[in-house]
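Engineer: Structure here, sequence nowhere to be found:
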């Protein structure tokens with residue numbers, strides 16, 4: 001049990017160190033050596049928990065998304081909640097998360113760092129689509145994967161556009177989420193031909 005607690009403390013220290021470093025410099029310039037120095041852990045300790053910095057970033061982002069309850073939104077799919085409303089709720093949660101962590105996401109949205117966030121976002125959406133409720137939304141795993149790839153790119157670019165607006169936003173977060181949410185999940189009023 002002590003080992004589990006120690007392991008969780010070490011992982012929390014590494015995530016906090018990563019967060020602090022990403023406030024100061026681009027992700028692609030952060031080395032495992034300086035991450036370990038910032039966290040006050042050895043390199044072997046880092047590698048006993050993570051394969052590389054990307055794995056740490058993905059886990060960090062997944063935890064942040066879990067805090068937002070995004071995985072739970074799939075469970076809200078019912079007759080009373082349209083897919084469009086669900087897309088809006090997810091987008092608004094993401095926008096607020098990006099706004100609250102602007103220093104980090106500014107770093108992620110730079111061209112050299114896009115890759116890390118896009119992969120983390122795709123991994124998160126993929127985990128959401130693997131839930132039992134998601135099986136009712138997509139007839140095949142291939143369709144679920146196509147949905148994730150397509151929507152991940154759209155969500156990522158919509159968030160990037162939101163960040164580019166800076167302080168002079170063209171609309172409120174709720175309005176932007178409503179607009180983007182309409183495209184995140186197909187409109188219930190559309191029918192297949």
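Structural biologist: Nice, I can see it. The shown structure was predicted, so the numbers you read here are calculated from the model rather than taken from an experiment. Numbers count the residues shown, from 1 in each chain.

Engineer: tell me the SS of residue 41?
Structural biologist: Three-state call for residue 41 (DSSP: H, G, I helix; E, B strand; the rest coil): coil.

Engineer: from what I can see it touches residue 14, true?
Structural biologist: Yes. Contact criterion Cβ atoms under 8 Å: residue 41 and residue 14 qualify, at 6.6 Å. C-beta here means a position set from N, CA and C on the backbone, and glycine is covered the same way.

Engineer: out of these two, which sits in the busier spot?
Structural biologist: residue 14 (25 against 19; other Cβ atoms under 10 Å).

Engineer: Not counting sequence-adjacent ones, nearest residue to that one?
Structural biologist: Closest residue to residue 14 apart from its sequence neighbours, by Cβ to Cβ, 6 or more residues apart in numbering: residue 39 at 4.9 Å.

Engineer: so what's the one you found up against?
Structural biologist: Each residue near residue 39 by Cβ atoms under 8 Å, 6 or more residues apart in numbering is listed here: 10, 13-14, 16-17, 46.

Engineer: same check, this time on residue 21
Structural biologist: Counting by Cβ under 8 Å, 6+ apart, residue 21 touches 30, 34-35, 38.

Engineer: Please indicate which of the residues you listed are buried?
Structural biologist: Using 16 or more other Cβ atoms under 10 Å as the burial test, the contacts of residue 21 include 30, 35, 38 as buried.

Engineer: Out of these, the closest to residue 98 would be?
Structural biologist: residue 30 (19.9 Å; Cβ to Cβ).

Engineer: Quick check: which element contains the closest residue to that closest one other than its chain neighbours?
Structural biologist: Nearest in space to residue 30, with sequence neighbours left out and distances taken as Cβ to Cβ, 6+ apart, is residue 21 at 5.0 Å. According to DSSP states H and E, residue 21 maps onto helix 2-24.

Engineer: Which positions within that helix qualify as buried?
Structural biologist: Within helix 2-24, the residues that count as buried by 16+ other Cβ under 10 Å are 10-11, 13-15, 17-18, 21-22.
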